[in-house]
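A.B. asks: please find the sequence and the predicted model below.
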There are 2 protein chains.
Amino acid sequence: MPARKISDSTVRRLSHYLRILEVLEADGRTTVSSDDLAERGGMTPAQVRKDLSHFGSFGKRGLGYPVPVLRGRIADILGLGREWSVCLVGAGRLGAALYQYDGFRRQGFRFVAVFDNDPAKIGRRWGAVTIDDVADVARVAREREVEIGIVVTPAEGAQEAADRLAEAGVEAILNFAPRKLSVPPEVALRDVNLVIELEGLSFAVTHRGKILASR
Amino acid sequence: MPARKISDSTVRRLSHYLRILEVLEADGRTTVSSDDLAERGGMTPAQVRKDLSHFGSFGKRGLGYPVPVLRGRIADILGLGREWSVCLVGAGRLGAALYQYDGFRRQGFRFVAVFDNDPAKIGRRWGAVTIDDVADVARVAREREVEIGIVVTPAEGAQEAADRLAEAGVEAILNFAPRKLSVPPEVALRDVNLVIELEGLSFAVTHRGKILASR
């Protein structure tokens, strides 16, 4: 599996294929054609065949891909054939929604720690997890062998949270705080900025008339 | 303002500059250099100067950019000099977190309607808004002149929600449901898929050792 040749956009498409294959498998489908995968995923059949050619040949030409096998292969490639220990820094409303998000649980992402700086929240239980003081991130995350940290703090506390997660040996950070974080090169980082997504839409709507008019 | 020449990644950087400028303005700063903006944003100074050159010249060479003027210009370009009427389809936990998300409110995104298909939720009040039946999306969204719809349904209901929003004349959709939506060309669409973000990280962590080893 030539992982270093796989671009970020290919990885995103693999996740999309996985979603589609999970639905097909739940429906009892045993094979799927590249045309069908393409149509369900909004890609071209050529793109699908190219993406999946990375993973060796499947079955016989003209019969399509075997759904459970392909689903399993893609899940393995994405690192999903196991559980991941995840912590959440920031126990606000968005943090609570992420903590309870079924989609994470289903793919094996398991919350083992939650942190906040609000004395009223520290010590409270969220299901099986007790909220810890954000000052203890480095120690607690190391003890519980956290692999992925999700930062949902306000902009102010985010860099410090990232520093402590890196100190604890966390390997990847998903950042929802509205600022850029700097992390050591060995820590993988992704940003999700909800306001930026909405601003992209307000930009598109605002300029649509002009864009169309100037064509 | 040559909007049609501005790429999606430039629009995202404009949102980043806006975040930084808001912080600087709140701190009482009157000017900022491209070097300072670049460092705070994690970009190169050349990139900053190139992005901001689209918007005409600001002040005198060597004095930096005037913070409040630049903040206002970027906000205008992003379509933020006004309020946006937003509706939410899906009143689950993630929907509730988005509904109460301060970041949206601060930039003028105002929720005027919320929809769900759960009879136990329909009729309940969320602040000033009463939850409506998802079957009424097309009518209610049109009546309240919704401009942006946020879809936070499970995968199953998402396409129908998008169809009804488009029918109501909604101009843009932010989709959190884990499936691709098809919308008419006049509707702007962005996807936020939280599981895909985490899977990108599990992929990166899983293959990191091999990637490093093969260098």
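C.D. replies: Looks like it arrived, so ask away. Numbers count the residues shown, from 1 in each chain, chains lettered A, B, ... in the order given.
A.B. asks: could you point out which element follows the biggest strand by length in chain A?
C.D. replies: Ranked by residue count under DSSP state E, the longest strand found in chain A is strand A:109-116. Under the assignment DSSP states H and E, the closest C-terminal helix or strand after strand A:109-116 is strand A:125-126.
A.B. asks: parallel or antiparallel, which strands does that following strand pair with?
C.D. replies: strand A:129-133 (antiparallel) (DSSP bridges).
A.B. asks: could you say what helices and strands the longest strand of chain A packs with?
C.D. replies: strand A:84-89, helix A:93-99, strand A:129-133, helix A:137-143 (3 or more Cβ pairs under 8 Å, 6 or more residues apart in numbering or on different chains; DSSP states H and E). Placement of C-beta: from N, CA and C, glycine included.
A.B. asks: among the ones you listed, which is the most enclosed?
C.D. replies: strand A:84-89 (a mean of 25; mean count of other Cβ atoms under 10 Å in any protein chain shown).
A.B. asks: ok, back up a step: using a markdown table, lay out the helices and strands packed on strand A:109-116 together with distance to B:Ala166.
C.D. replies: Shown next, in a markdown table, are the helices and strands packed on strand A:109-116 (distance: least, Cβ to Cβ, whole Å):
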| stretch | distance to B:Ala166 |
| --- | --- |
| strand A:84-89 | 35 |
| helix A:93-99 | 26 |
| strand A:129-133 | 41 |
| helix A:137-143 | 44 |
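A.B. asks: can you redo those as JSON lines with mean pLDDT?
C.D. replies: Conversion of the helices and strands packed on strand A:109-116 to JSON lines gives the following (pLDDT from 0 to 100):
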{"stretch": "strand A:84-89", "mean pLDDT": "97"}
{"stretch": "helix A:93-99", "mean pLDDT": "92"}
{"stretch": "strand A:129-133", "mean pLDDT": "98"}
{"stretch": "helix A:137-143", "mean pLDDT": "97"}
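A.B. asks: which other helices and strands contact the helix-or-strand element of chain A with minimal mean pLDDT?
C.D. replies: In chain A, no helix or strand scores lower on mean pLDDT, DSSP states H and E than helix A:194-213, which sits at a mean of 80. Helix A:194-213 is packed against helix B:8-26, strand B:84-89, helix B:102-106, strand B:148-151, strand B:172-175, strand B:188-191, with contacts defined by 3+ Cβ pairs under 8 Å, 6+ apart.
A.B. asks: and those, which one is worst for confidence?
C.D. replies: Among the helices and strands packed on helix A:194-213, helix B:102-106 carries the lowest mean pLDDT, a mean of 86.
A.B. asks: that one close to chain A?
C.D. replies: Yes - Helix B:102-106 is in contact with chain A by Cβ under 8 Å from any Cβ of the partner chain, via B:103-104.
A.B. asks: quick check: buried residues in that helix?
C.D. replies: Judged by neighbour count using 16 or more other Cβ atoms under 10 Å in any protein chain shown, the buried positions of helix B:102-106 are B:103-104.
A.B. asks: distance of the residue sitting nearest the centre point of chain A from B:Val205?
C.D. replies: By Cα atoms, centre = their mean, chain A has its centre lying nearest to A:Leu174, at 7.6 Å. Computed with Cβ to Cβ, to the nearest Å, the distance linking A:Leu174 and B:Val205 is 12 Å.
A.B. asks: residues that sit against both of those two, list them.
C.D. replies: A:Ile148 (Cβ atoms under 8 Å, 6 or more residues apart in numbering or on different chains).
A.B. asks: where do the domain boundaries of chain A fall?
C.D. replies: A:3-77, A:84-196 (automatic domain parsing).
A.B. asks: most neighbours per residue, which of the ones you listed?
C.D. replies: Neighbour counts averaged per stretch over those are highest for domain A:84-196, at a mean of 19; criterion: mean count of other Cβ under 10 Å.
A.B. asks: can you give me the end-to-end distance of it?
C.D. replies: Distance between the boundary residues of domain A:84-196 (Cα to Cα, to the nearest Å) amounts to 28 Å.
A.B. asks: about what we covered before: contact partners of the longest strand of chain A?
C.D. replies: A:83-92, A:95, A:99, A:104, A:122, A:126, A:129-134, A:136-137, A:140-141, A:144-146, A:148, A:161, B:198, B:202.
A.B. asks: now with 7 Å, please.
C.D. replies: A:83-91, A:99, A:122, A:126, A:129, A:131-134, A:137, A:140-141, A:144, A:146, B:198 (Cβ atoms under 7 Å, 6 or more residues apart in numbering or on different chains).
A.B. asks: neighbouring strands of that strand in the sheet, and parallel or not?
C.D. replies: Per DSSP bridges, strand A:109-116 is paired in its sheet with strand A:84-89 (parallel), strand A:129-133 (parallel).
A.B. asks: as a markdown table, the ones you listed with distance to A:Leu63 would be great.
C.D. replies: Shown next, in a markdown table, are these (distance: least, Cβ to Cβ, whole Å):
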| stretch | distance to A:Leu63 |
| --- | --- |
| strand A:84-89 | 34 |
| strand A:129-133 | 46 |
